[in-house]
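Q: Okay, structure incoming, though there's no sequence with it:
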DNA sequence: GGCACCGGCCAC
DNA sequence: AAACGTGGCCGGTGCC
């Protein structure tokens, strides 16, 4: 390939000229180079634009190009599709620094992830997909160079190359998306980038004093419990440390197993489910379980959370991975705000700032509604439509007892079955969860599927498809592929469970992503931001005076999003206005 | 010293 | 020793 040619733009006249030339194109590749990965920390140095006619590199340190109406029009007009790689990064930068919402977009990163359909072995960086799809080499060595000073010819050329490659990539990726029937889901994903960018930029407020108090409390408990545990383990410890303390690392499973062994307690592993049955007979085991809880609380949810505070905003700005799981679910990191312990001690620290409220909304039983709708199981549909407590209705239908006479145990059993079926729960699993033998569990599962025979048929078909076709789809058409060794029974069984679970879980992701899109648009007139999203839950921060209005918008848009994917069962949204992240 | 892996455990 | 799916984070451990 020939060396990348580009036009460097540093003045208004050449910018105008470039905008005229680019304005005639429907497809415009866009990229930025910035002085930091954090929008609050860095500045945008270069804005690169490419069409099939040429590459333009705008030096934003030389010209305030985003003041230009022509350029803003290009970046926001539906007449031009903006092609970016991992657009969330650039969109955040442009949104924060210039208040501009870039769109509509085509994201080569997300397109590549969709096409990979859950295969984990493929990289999706720009260099990786250029090599794989175009057989073209892209040098990323300049990526981490300093973009804040005087730029070299090499840096400009690298920058131009990054946007130049995007249009040929889009062309190939588009035909693959068409071939795989994923145009619709691609649109969904692309439209979701802006809401996610805004969400990350907004970040979530945390009451640091509250968090520190909580951490200090746990630390005191940790000190007491660890010394008690060491004392109780002393009998099994051969050696004392120089200070006369039992010499053991409580966080080392191997040392724990050895020590317990010398005390006459044989264990294979020290996971809580393995220890739980022994806790009654051995106080030391109970103490160990207690220790684990505070150790986890301290290590995962202690000071490390506060290390992610943004110095500029004083808030937490996590990274959401838009296509994080194979089924299309999002994941989250740095910090992972999708795994904050669901207890008041922790959640109450996530408090809206003065004068603001949180609107907390989650879909109720969304995965069951997806199955009911998809399988057209009349009894499950009816159960969900009845407005009665679903698990009680299930128990009543299964056991033929009147709804009012369903016992607590019967309801608990039905609840386990309702939720477990999504994951391919077996007799062993069920018997471990409720107090029945494996034979009884088997019978209950048979009764369940006799009651909901449509669900049974749907699940069987989904599992069979995973094995024979080695693929499945969510409601949006998102493809999920399965790779396994057909001679390995354990692997086949695993794939059958995945085949049942992934389309359901992924369809839930379809719905919540659509909700984020609709909600971002609908909240535009309000002083409100989406601040978190946890699989079937959305958290919005809003000015106190607009909280009620916001609440009705959130409910309306979440319901509308669900209606696009499930028709025969209405969605149900539980929603509260609160000061902190508590329901 | 950095990296990959694992055991363990938090969320939905 | 595992049991029902998807993730991320932690500390320990062993390798290079």
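A: Done, it's in. The structure presented is a predicted model; accordingly, all values stated were derived computationally and were not measured.
Q: For chain A, which residues are neighbours of DNA strand B?
A: A:253, A:269-274, A:289, A:292-293, A:296, A:300, A:338-343, A:362, A:534-537 (CB under 7 Å from any atom of the strand). (Each C-beta comes from the backbone N, C-alpha and C, glycine too.)
Q: Contacts only, for residue A:532.
A: For residue A:532, the contacting residues are A:199, A:204, A:337-338, A:538-539, A:581, by CB atoms under 8 Å, 6 or more residues apart in numbering.
Q: Identify, from those, the entry nearest to DNA strand C.
A: Nearest to DNA strand C out of the contacts of residue A:532 is residue A:338 (CB to the nearest atom of the strand; 6.8 Å).
Q: on that earlier part again, now the two most distant members of the contacts of residue A:532.
A: Using CB to CB, the contacts of residue A:532 reach their maximum pairwise distance at A:199 and A:581, which is 14.8 Å.
Q: Could you list which of the contacts of residue A:532 belong to strands?
A: Members of the contacts of residue A:532 lying in strands (criterion: DSSP state E): A:538-539.
Q: could you dump the contacts of residue A:532 to CSV with neighbour count, pLDDT and distance to DNA strand C?
A: Shown next, in CSV, are the contacts of residue A:532 (neighbours: other CB atoms under 10 Å; pLDDT from 0 to 100; distance: CB to the nearest atom of the strand, whole Å):
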residue, neighbour count, pLDDT, distance to DNA strand C
A:199, 25, 96, 16
A:204, 22, 96, 14
A:337, 24, 94, 9
A:338, 18, 93, 7
A:538, 25, 97, 17
A:539, 23, 97, 17
A:581, 25, 95, 17
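Q: Please pick the buried ones from the residues of chain A next to DNA strand B.
A: A:270, A:289, A:292, A:338, A:340, A:362, A:534-537 (16 or more other CB atoms under 10 Å).
Q: show me what contacts the closest residue to residue A:537 other than its chain neighbours?
A: Closest residue to residue A:537 apart from its sequence neighbours, by CB to CB, 6 or more residues apart in numbering: residue A:362 at 3.7 Å. With contacts defined as CB under 8 Å, 6+ apart, residue A:362 is in contact with A:534, A:536-538, A:573-575.
Q: Tell me how many other residues crowd residue A:457.
A: By the criterion of other CB atoms under 10 Å, residue A:457 has 14 neighbours.
Q: Residue A:193 now?
A: Residue A:193: 26 surrounding residues under other CB under 10 Å.
Q: pretty sure it is in contact with residue A:87, am I right?
A: Yes: counting by CB atoms under 8 Å, residue A:87 is a contact partner of residue A:193 at 4.9 Å.
Q: Now the common contact residues for these two.
A: By CB under 8 Å, 6+ apart, residue A:193 and residue A:87 have these common neighbours: A:105, A:107, A:110.
Q: Just the residues you listed: which are in helices?
A: Among the shared contacts of residue A:193 and residue A:87, the members found in helices (DSSP state H) are residue A:110.
Q: which of the shared contacts of residue A:193 and residue A:87 lies closest to DNA strand C?
A: residue A:110 (15.1 Å).
Q: can you tell me which helix or strand the residue lying closest to the closest one once chain neighbours are set aside belongs to?
A: With CB to CB, 6+ apart as the criterion, residue A:110 has its nearest non-adjacent residue at 4.7 Å, and that residue is residue A:189. Under the criterion DSSP states H and E, the helix or strand holding residue A:189 is helix A:183-202.
Q: buried residues in the host helix or strand of residue A:382?
A: Assigned by DSSP H and E, residue A:382 belongs to helix A:378-385. Residues of helix A:378-385 classed as buried: A:379-381, A:383-384 (neighbour count, 16+ other CB under 10 Å).
Q: same question, stretch A:59-68
A: A:59-61, A:63, A:65-66, A:68.
Q: Go ahead and list the helix or strand containing the nearest residue to residue A:68 once chain neighbours are set aside.
A: In this structure, residue A:68 finds its nearest non-sequential neighbour in residue A:15, 5.9 Å apart by CB to CB, 6+ apart. According to DSSP H and E, residue A:15 maps onto helix A:12-23.
Q: can you give me how far that helix is from the chain middle?
A: Centroid separation for helix A:12-23 versus its chain: 39 Å, with CA atoms, centre = their mean, to the nearest Å.
Q: between the helix or strand following that helix and helix A:12-23, how big is the angle?
A: For helix A:12-23, the following helix or strand on the C-terminal side (DSSP H and E) is strand A:27-34. Using axes from the mean of the first three to the mean of the last three CA atoms, to 10 degrees, the inter-axis angle of strand A:27-34 relative to helix A:12-23 is 140 degrees.
Q: centre of the chain versus strand A:27-34, how much separation?
A: So, by CA atoms, centre = their mean, the centroid of strand A:27-34 is 26 Å from its chain's centroid.
Q: related to what we said a few turns ago, for DNA strand B, state which of the shared contacts of residue A:193 and residue A:87 is nearest.
A: residue A:110 (21.8 Å).
Q: How about the contacts made by the closest residue to DNA strand B within the stretch 51-200 of chain A?
A: Nearest to DNA strand B in the stretch 51-200 of chain A, going by CB to the nearest atom of the strand, is residue A:120, at a distance of 11.5 Å. Counting by CB under 8 Å, 6+ apart, residue A:120 touches residue A:326.
Q: got a pLDDT number for it?
A: Here, the pLDDT recorded for residue A:120 equals 79.
Q: Against residue A:73, how distant is it?
A: 41 Å (CB to CB, to the nearest Å).
Q: what's the answer for residue A:429, then?
A: Using CB to CB, we find residue A:429 at a distance of 57 Å from residue A:73.
Q: try residue A:529
A: From residue A:529 to residue A:73 the distance is 26 Å (CB to CB).
Q: Counting neighbours, go ahead and name the busier of these two.
A: When residue A:529 and residue A:73 are compared for neighbours, residue A:529 comes out ahead with 18 against 13, by other CB under 10 Å.
Q: Identify the bridge partners of that one.
A: On the basis of DSSP bridges, residue A:529 is bridged to residue A:541.
Q: Is it in contact with residue A:198, as I believe?
A: Yes: using CB under 8 Å as the test, residue A:529 is close enough to residue A:198 to be in contact (6.6 Å).
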